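Asker: Sequence and predicted structure, then a few things I'm wondering about:
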Amino acid sequence: MTPNGHARSQAAAAAELGLPADWRDLFALTKPRVMSLVVFTALCGLLAAPGAKHPVLAFASILAIALGAGASGALNQWYEAGLDAKMKRTAGRPLPAGRLDPQTALQFGVGLAAFSVFLMLFASNWQAALLLAVSILFYVFIYTMWLKPRTPQNIVIGGAAGAFPPLIGWVAVTGSLALLPVLLFLLIFLWTPPHFWALALFVRSDYAAAGIPMMPVVAGERSTRRQILLYAIIMAAAAVAPWALGVTGAIYGWTATILSALFVIFSAQVGLRRAGEGDALKPEKRLFAFSIAYLFILFGAVVVDQMWTL
């Protein structure tokens, strides 16, 4: 049975039980937790960009990015409904739980995607609208449909989808690219593997049950831990690169240096840990939680640093 066919059977069974669907289920389709990080990094890119943008147009641009991220999440859940039903972590989502019909989710995702791109076009410029469209298409077709079910490198290449927001925010103001937003794109791209592999280590059984070839499932925990540490070291170098290249000042530079050192230390605790050393997986969970705070603080430092130097 296809993922969508499985979701339809779930929806039909739930309909017989009278399970209700409301706006909260549609909101859950947008993956609001993921969206919050997307919106924040996009906002930081917009605020760090040189030049001024009318507050209403700036708000509309950020709203467009948020809606685009939500559309990506909705289409991802529509396509993966059958897989989500096999994992404890995602079985309660609206589609596998049967609270939403797959056709409704598909229409919602496509409509939201189209509206977000048109809103960006009218609120900013065609360059930002094009980048937003590319980011949605990349996440849905390249990552969700092609990479994720086929290769353990899915999150490495697919990480580009989550790295677009600061680029889009910057381009929404300037209409062009510059070195700083490109470096911020690279930072998120390199941050994504250790962030998601830390999560994958403590939900490995879920991915295995769903047949998703995440790195711990295919290459094993030992290899995954080593690669987390390797990517963390490379990411740390990318994080301090804006300061080293002179496109940010000392506020960002010292923040990046200190936080990246902590990131590498936490990654080393994961990377050098041997199998069987306890069942709590505390280093992995600590790294995952810190990685989220790391990105929020670091991008906040970019904005403070750029405003301080004006």
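Answerer: In hand now; what should we look at? Not measured: the values here are computed from a predicted model.

Asker: Kindly list the longest helix within the chain.
Answerer: Using DSSP state H, we find that the single longest helix of the chain is helix 282-308.

Asker: Which neighbouring elements make contact with whichever helix or strand L112 is part of?
Answerer: L112 belongs to helix 102-123 when assigned by DSSP states H and E. Packed against helix 102-123 by the contact rule (3 or more CB pairs under 8 Å, 6 or more residues apart in numbering; DSSP states H and E) you find helix 3-17, helix 23-29, helix 55-79, helix 126-137, helix 154-174. Every C-beta, even on glycine, is put in place using the N, C-alpha and C of the backbone.

Asker: Using neighbour counts, pick out the buried residues of it.
Answerer: 102, 104-105, 108-109, 112-113, 116-117, 119-121, 123 (16 or more other CB atoms under 10 Å).

Asker: between the residues you listed, which is nearest Q77?
Answerer: A105 (6.6 Å; CB to CB).

Asker: OK, contacts around G220?
Answerer: Counting by CB atoms under 8 Å, 6 or more residues apart in numbering, G220 touches no other residue.

Asker: roughly how far apart are it and K86?
Answerer: 21 Å (CB to CB, to the nearest Å).

Asker: how distant is the longest helix of the chain from the center of its chain?
Answerer: Chain-centre distance of helix 282-308: 14 Å, with CA atoms, centre = their mean, to the nearest Å.

Asker: before we move on, what about stretch 241-253?
Answerer: 24 Å.

Asker: got the buried residues for that stretch?
Answerer: Buried residues in stretch 241-253 (16+ other CB under 10 Å): A241, P242, W243, V247, T248, G249, I251, Y252, G253.

Asker: Which strands and helices lie in contact with the helix or strand the first one falls within?
Answerer: Right, A241. In the assignment (DSSP H and E), A241 maps to helix 221-244. Other elements packing on helix 221-244 under the criterion 3+ CB pairs under 8 Å, 6+ apart are helix 179-202, helix 215-218, helix 250-271, helix 282-308.

Asker: which one of the buried residues of helix 102-123 is nearest V56?
Answerer: Of the buried residues of helix 102-123, the one sitting nearest to V56 (CB to CB) turns out to be A123, at 8.4 Å.

Asker: from what I can see the closest one touches I65, true?
Answerer: No - A123 lies out of contact with I65 (CB atoms under 8 Å); the separation is 10.1 Å.

Asker: ok, the buried residues of stretch 241-253 vs S176, which is closest?
Answerer: For the buried residues of stretch 241-253, the nearest to S176 is V247 (14.9 Å; CB to CB).

Asker: got a pLDDT number for the closest one?
Answerer: We have a pLDDT of 96 for V247.
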